[in-house]
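In: for reference, the sequence and a predicted model appear below.
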Amino acid sequence: MKKILLLCVLALAAFSSCKKDDLFDKFVPEVLFYENDRVENADFVSTTLSGGDSEWTVKARVSAPMKLKEIKLYSNDALLETYTDFQLAPNVYNLNYALSGISRQTIVRVDAVDADNKRTSRTFTINVTP
């Protein structure tokens, strides 16, 4: 009887010392660019404006399993916008930003930070045909 009780105590101690890993702790925020009304291709990272076009609406779906904290939008390393209000949808934000006056190749970058300060960054290239 003492051996069974000792085994139960050892098993309980072993299982209680195991750290529970949260599945979401392993994931960083995700940024997916899209052209129409939703993400259709996760590899959509560039577009080419035809002659005479100088406007493009940057659309990105930014998500984080641990809730979003901050999103920053850059154009050629110049900060355009910072988003921090995610109360209505704390895990997913659909970014829409109209860029105008595009006359040369433009690199758009989205930096995302979640509530655990995990960061991710993704770029989108807008090319211009002469």
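Out: Ah, there it is.
In: centroid-nearest residue for the chain?
Out: For the chain, the residue nearest the mean C-alpha position is Glu30 (2.9 Å; Cα atoms, centre = their mean).
In: so what's it up against?
Out: Arg61, Val62, Ser63, Ala64, Ala112, Thr120 (Cβ atoms under 8 Å, 6 or more residues apart in numbering). In this view, the C-beta of every residue, glycine as well, is placed from N, C-alpha and C.
In: what about the strands in this protein?
Out: Taking DSSP state E to define them, one finds strands in the chain at 30-34, 46-49, 56-63, 68-75, 78-83, 92-99, 106-114, 119-128.
In: buried residues of the fifth one, list them for me.
Out: What it means is strand 78-83. Tyr83 (16 or more other Cβ atoms under 10 Å).
In: do the same with the longest one
Out: Neighbour-count burial for strand 119-128 flags Thr120, Arg122, Phe124, Ile126, Val128 (criterion: 16+ other Cβ under 10 Å).
In: same question for the second one.
Out: Of the residues in strand 46-49, Leu49 count as buried by neighbour count, 16+ other Cβ under 10 Å.
In: sheet partners, orientation included, of that strand?
Out: Looking at strand 46-49 with DSSP bridges, its partner strands are strand 119-128 (parallel).
In: ok and the strand it pairs with relative to strand 56-63, angle-wise?
Out: For strand 119-128 against strand 56-63, the angle by axes from the mean of the first three to the mean of the last three Cα atoms, to 10 degrees is 160 degrees.
In: pLDDT of strand 119-128, averaged?
Out: If you average the pLDDT over strand 119-128, you get 96.
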